[in-house]
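K.L.:
Sharing a sequence plus its predicted fold:
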Amino acid sequence: FPAIYSAGTVDQWPKNVSSVLMYGNMWKIPTVDIRRTDHWIIMGGNPQASGGSLLACPDQLAEIDAIRARGGKVIVIDPRRTGTADRADEWIPIRPGTDAAFLLAMANVIVTEDLFSLGAVEGKVNGVDELRAAVVGFTPEVVAEFCRIPAETIRRLARDFASAERGGLYGRIGLCNQEFGTLASWMVDVINIIAGQFDKVGGMMFGKPAADPLVWKMNTSMTGEPEFGKWRSRVRGAPEILGQVPASCLAEEIATPGPGQIKGFINIAANPTISVPDSQQLEDALPLLDCMIAIDCYMNETTRFAHVLLPGPSPLESPHFDELMWGWAVGSAAKWSDQLFDTPEGTVPEWEILARLGWLCTGQKDADFDFSVLDDGWFSTLCMLYGRDPEATLPLYETGGPERMIDLQVRMGPWGDRYGENPDGLTLEKIKQAPHGIDLGPMVPRIDEIIGTPSGMIELAPEYILGDLPRLRAALDRDPDGLVLVSRRHIRSKNTWMHNVKVLVKGKDRCTLLVHPDDAAELGLTDGADARVSSEAGSIEVPVEISDEMMRGVVSLPHGWGHDKPGTRLSVAREYAGVNSNLLAPGTFVDELSGNAAVNGIPVEVAPA
């Protein structure tokens, strides 16, 4: 049967799982109102390099400076002293993969020291008693050695956060792509809720997009209850989570003969032979396909295996309107960007490429392709999702396509004209007439508009998530010795992208293994010399960079590199090839609740090459 694999299970799937269980929708993800907060804790995120992830706000380093200037405090908890940590008041190193235990200990302090307060969401939360019971045993003293954070530091952080007038705890990708990703992602929201920092100015809130995101309108099941494990992957037996299984399953599903073996593959703007764990397995599997179609502007490490490569227009040749991003933005606004450059004759927009492929995949002939049939049918469905009568709405438009969809979303959104009911409201045309966008104000408390659970309440202690606590408790008894590997971002790099642009890759080699000086001395490593890094999945050689920005026992490699494969057409990227860190990531090392890859906290051995 058709299956979808995506970057989601190498990124934020744990946050999707916790959000659907707590709020009733996997894409309703709260974020911190950093422009008005006075106490910001950052875990597993590096806005200095990422620009903000699941937190949309320009120039976040300036926001850190502003928080400190108004007497507030910014704390970064991360295995590495990042560029963000350098701007903060305090950096607290934490052993990778232990964030959930640390957060449970913070919650334990809040609960046992009578700091518990639901604040603005009082009377809107289920599961308080279950949460109180869950944190028993996760005292700061119990988790301190596991996390490598002193118990008194954990207590201080919990007390200060709970007593802050306006505080926000933010956790990002480092909390997601680890073996306890869902527990950690869930606990970020729990801490904000029980410390009275939820759904209030300067705390954690939900964005308010001008165009209601399509995915906010879609339930996970007919009953509204999330369902997991509706099916399992054919080879590994991995359970489906929110419609997907781990991306690392793709290689074995292609390579393993038998009923249901994947024979055809459509790859859309992705480079999974570098970005998926245990990526050598996928590189070996792709040549076995009967048919591979790629939609991409580049012949890269993955698309070189495609039988057909369909290039869409570049971002500068396409108009743009952000939709979902505003769901975790610190303010509301609407902006349309026209395409900057005309496209060459014969260029087909990506949406039409996808529509044609969808048509062909149903067994229809290309000669019979009728976009209006697909487009009108899809738009009619959207009308019903947004509360409009399709028969009354379709005649209002002379043309279809994405702009018609966006106009519907804007007009039925919180500031929309609702097709004449609110004459002063927004339409897409009005937004286009404001070339610099329309500012619609800062974040506002809106929890009553957000909750979509069957109970109509925030579910603080979902049973599905609580079921993973015994696995975490067992991990507390592990031997904490041994090196572990984490990834890292860079401001001029985005996953596997941007490496074929000279101005973005020139300069000092960024694909290095960061090692603490004391670890380097013990291992006999020399700055600038190559080291061999090995895991159960594979081994690579990479230059060493000795730096005290790493905590002891942790080494770091950037992800997205390894551009040395034959058959690509990436001349600049090949010159700055680097190494592929995902060759070290075991495909079966995942967060069990979400299936998300654990590409942080990988046990490794390091020796001079």
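P.N.:
That came through, no problem. Residues are numbered from 1 along each chain as shown.
K.L.:
secondary structure class for A66?
P.N.:
Following DSSP: H, G, I helix; E, B strand; the rest coil, the label given to A66 is helix.
K.L.:
separation between it and I491?
P.N.:
20 Å (C-beta to C-beta, to the nearest Å). Bear in mind the C-beta positions are built from the backbone N, C-alpha and C, glycine included.
K.L.:
quick one, which of the two is more surrounded?
P.N.:
A66 (15 against 12; other C-beta atoms under 10 Å).
K.L.:
Give the burial count for D199, as a bare number.
P.N.:
25.
K.L.:
Kindly report the same for D296.
P.N.:
18.
K.L.:
pLDDT value on D479, please?
P.N.:
D479 is assigned a pLDDT of 79 by the prediction.
K.L.:
now do the one 4 residues further on
P.N.:
L483 carries a pLDDT value of 97.
K.L.:
so what's it bridging to?
P.N.:
On the basis of DSSP bridges, L483 is bridged to V604.
K.L.:
Might you report the residue contacts of it?
P.N.:
519, 553-555, 603-606 (C-beta atoms under 8 Å, 6 or more residues apart in numbering).
K.L.:
what about burial for those, which qualify?
P.N.:
With neighbours counted by 16 or more other C-beta atoms under 10 Å, those contain buried members at 519, 553-555, 604, 606.
K.L.:
So which of the residues you listed are in helices?
P.N.:
Counted as lying in helices by DSSP state H, out of the buried ones among the contacts of L483, are D519.
K.L.:
Can you tell me which of the buried ones among the contacts of L483 is closest to V410?
P.N.:
Distances from V410 to the buried ones among the contacts of L483, taken as C-beta to C-beta, are shortest for V554 (46.0 Å).
K.L.:
Provide a list of residues in contact with that closest one.
P.N.:
79-80, 95-96, 483-486, 516.
K.L.:
and which of the contacts of L483 is nearest W497?
P.N.:
Once C-beta to C-beta is applied, the member of the contacts of L483 that ends up nearest W497 is V555, at 24.2 Å.
K.L.:
pretty sure the closest one is touching S535, no?
P.N.:
No: if you go by C-beta atoms under 8 Å, V555 and S535 don't touch, sitting 11.3 Å apart.
K.L.:
what is in contact with these two at once?
P.N.:
With C-beta under 8 Å, 6+ apart as the test, V555 and S535 both reach 485, 604.
K.L.:
Can you list which of the contacts of V554 are found in strands?
P.N.:
By the criterion of DSSP state E, membership of the contacts of V554 in strands covers 483-486.
K.L.:
Quick check: phi and psi at W91.
P.N.:
With angles defined as degrees, to the nearest 10, W91 sits at phi -110, psi 130.
K.L.:
And it, how close does it get to E459?
P.N.:
Look at W91 and E459: by C-beta to C-beta, they are 34 Å apart.
K.L.:
More neighbours: which of the two?
P.N.:
More crowded of W91 and E459, by other C-beta under 10 Å: E459, with 22 against 18.
K.L.:
Now that one, what are its backbone angles?
P.N.:
Per-residue torsions, E459: phi -90, psi 100 (degrees, to the nearest 10).
K.L.:
Give me the pLDDT for it.
P.N.:
pLDDT, read off for E459, is 98.
K.L.:
List the residues that contact it.
P.N.:
21-23, 126-127, 453.
K.L.:
Now, these that are in strands?
P.N.:
N126.
K.L.:
I'd like the contacts of L483 written out as CSV, with pLDDT and distance to C147 added.
P.N.:
Formatted as CSV, these follow (pLDDT from 0 to 100; distance: C-beta to C-beta, whole Å):
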residue, pLDDT, distance to C147
D519, 98, 18
G553, 97, 12
V554, 98, 12
V555, 98, 18
P603, 97, 17
V604, 98, 20
E605, 98, 23
V606, 98, 22
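K.L.:
Next, A333: secondary structure please.
P.N.:
strand.
K.L.:
per-residue pLDDT, the residue of the chain most remote from its centre?
P.N.:
The C-alpha centroid of the chain is most remote from A367, which lies 39.4 Å away (C-alpha atoms, centre = their mean). On the pLDDT scale, A367 is placed at 82.
K.L.:
Spell out the residue ranges of the helices in the stretch 251-400 of the chain.
P.N.:
Ranges of helices in the stretch 251-400 of the chain, per DSSP state H, counting those that start in this stretch, are 272-275, 279-285, 350-361, 371-385, 390-393.
K.L.:
For stretch 367-374, give me every contacting residue.
P.N.:
Taking C-beta under 8 Å, 6+ apart as the rule, stretch 367-374 contacts 352, 355-356, 358-359, 400.
K.L.:
Many thanks, I have nothing further to ask.
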